[in-house]
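**Student:** with the input below, show me the fold.
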Amino acid sequence: MPELLEQIDENTRLTSDYDFHSYSLADILSDFTGVQTINIASGYHNISTGDDDISTGVNRIVEAFPYWNKDYEAKRERAIGAWLTAKGYVFEFVSLRGYSQGEWADILVYTTLDNSEYLYGEIDTLNSWFRGDIYNIAKEQRKIYRADDGDTLEVWETVDSVGGFIGVSVEDMIVIGREL
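**Tutor:** Numbering: from 1, shown residues only. Okay, the predicted model is just below:
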């Protein structure tokens, strides 16, 4: 059921609801920020978007620290971190968790020093995307149907909508919805 954002007048309202469109990771990460991801381990599908050279280097380090090696995760992360830092990247290891046990991924999120200001904002976006916290905004009009016997049926019909919003505040959704 849609959540009421704002009642514009008695016959017009703005609502938000989950966006059930399937957005790929490439749809979500902004090309503008230059932030990339590499899948380290996953109970989910591969969600890597990384540069081939960086992906190859990270995968070689991952292979050098097999899971049966004591403290392999900490050693692996230190080695990857040292390698990326030497190449001029900033990074963060992120554990994404969905709503069920099988929805998880441990990923490396990285970007160049020039784009470091975007890293944590894109991590927040990734977490919301992975959980499915993506919303539509709709402008609805009230319609009242009257039967010959006097009974009435009131329904709200969508007249315009836009979707794909991640991490947008209710206030911002209202501003966007007013433009519909």
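**Student:** could you list the low-pLDDT ranges of the chain?
**Tutor:** By pLDDT under 70, the weakly predicted segments of the chain are 1, 41-48, 68-69.
**Student:** 80 - rerun?
**Tutor:** Where the chain drops to pLDDT under 80, the residues are 1-2, 24-33, 39-52, 65-70, 99-102.
**Student:** would you map the helices across this protein?
**Tutor:** Residue ranges of the helices in the chain, as given by DSSP state H, are 25-28, 52-64, 72-86, 119-131, 170-178.
**Student:** how about the contacts made by the most centrally placed residue in the chain?
**Tutor:** In the chain, the residue lying closest to the centroid (Cα atoms, centre = their mean) is W129, at 2.2 Å. Contact analysis of W129 by Cβ atoms under 8 Å, 6 or more residues apart in numbering lists Y23, L25, I28, I166. For glycine as for every other residue, the C-beta is placed from the backbone atoms N, C-alpha and C.
**Student:** what residue of this structure is the furthest out?
**Tutor:** What lies farthest from the middle of the chain is D149; by Cα atoms, centre = their mean that is 49.8 Å.
**Student:** tell me the bridge partners for I38.
**Tutor:** With DSSP bridges as the criterion, I38 is bridged to L108.
**Student:** can I get the helices of the chain in TSV including distance to L96?
**Tutor:** Formatted as TSV, the helices of the chain follow (distance: least, Cβ to Cβ, whole Å):
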stretch	distance to L96
helix 25-28	10
helix 52-64	17
helix 72-86	16
helix 119-131	4
helix 170-178	24
